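1. Give me coordinates for this.
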Amino acid sequence: MKIKFIILFIALCFLTSCGSETTPPPTPTLSPLESTGKEVFNLHCATCHSTSSDTVIVGPSLSGIAARAGERVPDQDAITYLQTSILKPNAYLVEGFPDSMLPDLAKRLSGEDFDAVVAYLLTLK
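-> Numbering: from 1, shown residues only. Next comes the predicted model:
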């Protein structure tokens, strides 16, 4: 009787320790270019744009922009859409948001920073 109890106890301990918690997926690691882009975004873009889907600051949230950008303009890929949106902020206005993005923002960025912020935006899926 005592041995059956011990075996049952060990089996219950084993079963309760298996799979009761789910491990969240690992956070993707950004490349050096994407990391630089995140820094540039935080310096120049995050005052108006959130990367959280449920947060709107001034402009639209950019959560999921990597997926939406390639679908916004027919026959245009996500990279071209993002580049144009930064270079010509009033080219593609999101319904419900004013034309309030700084028109000279792209001129404030070096070519490397411009490419980096586009690369970072492409990680926001």
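2. What is the neighbour count of residue 116?
-> Residue 116 is flanked by 23 other residues according to other C-beta atoms under 10 Å. For every residue, glycine as well, the C-beta is placed using N, CA and C.
3. Would you map the helices across this protein?
-> Along the chain, counting by DSSP state H, helices occupy 2-17, 32-44, 65-72, 78-87, 105-108, 111-121.
4. If you count contacts, what does the last one end up packed against?
-> In this case it means helix 111-121. Packed against helix 111-121 by the contact rule (3 or more C-beta pairs under 8 Å, 6 or more residues apart in numbering; DSSP states H and E) you find helix 32-44, helix 65-72, helix 78-87.
5. Name the residues of that helix that come out as buried.
-> Of the residues in helix 111-121, 113, 114, 115, 116, 117, 118, 119, 120, 121 count as buried by neighbour count, 16 or more other C-beta atoms under 10 Å.
6. Pull the most distant pair out of the residues you listed.
-> Taking C-beta to C-beta as the measure, those reach their widest spread between 113 and 121, a distance of 12.5 Å.
7. where does the protein dip in pLDDT?
-> By pLDDT under 70, the weakly predicted segments of the chain are 1-27.
8. Ok, which of the helices of the chain comes nearest residue 53?
-> helix 65-72 (10.5 Å).
9. Burial-wise, tell me which of the helices of the chain comes out on top.
-> helix 111-121 (a mean of 20; mean count of other C-beta atoms under 10 Å).
10. Now do that helix against helix 65-72, angle only.
-> 90 degrees (axes from the mean of the first three to the mean of the last three C-alpha atoms, to 10 degrees).
11. Please renumber the chain so that the first residue is 5 from this point on.
-> With the count now opening at 5, the last piece we talked about shows up as helix 115-125.
12. And the contacts of helix 115-125?
-> 34-35, 37-42, 44-45, 48-49, 66, 69-70, 73, 83, 86-87, 90, 110, 113 (C-beta atoms under 8 Å, 6 or more residues apart in numbering).
13. again with stretch 58-69
-> 49, 51-57, 86, 98, 100-101, 104-105, 125, 128-129.
14. how about that stretch: buried residues?
-> Applying 16+ other C-beta under 10 Å to stretch 58-69 flags 63, 64, 65, 66, 67, 69 as buried.
15. No further queries at this time; thank you.
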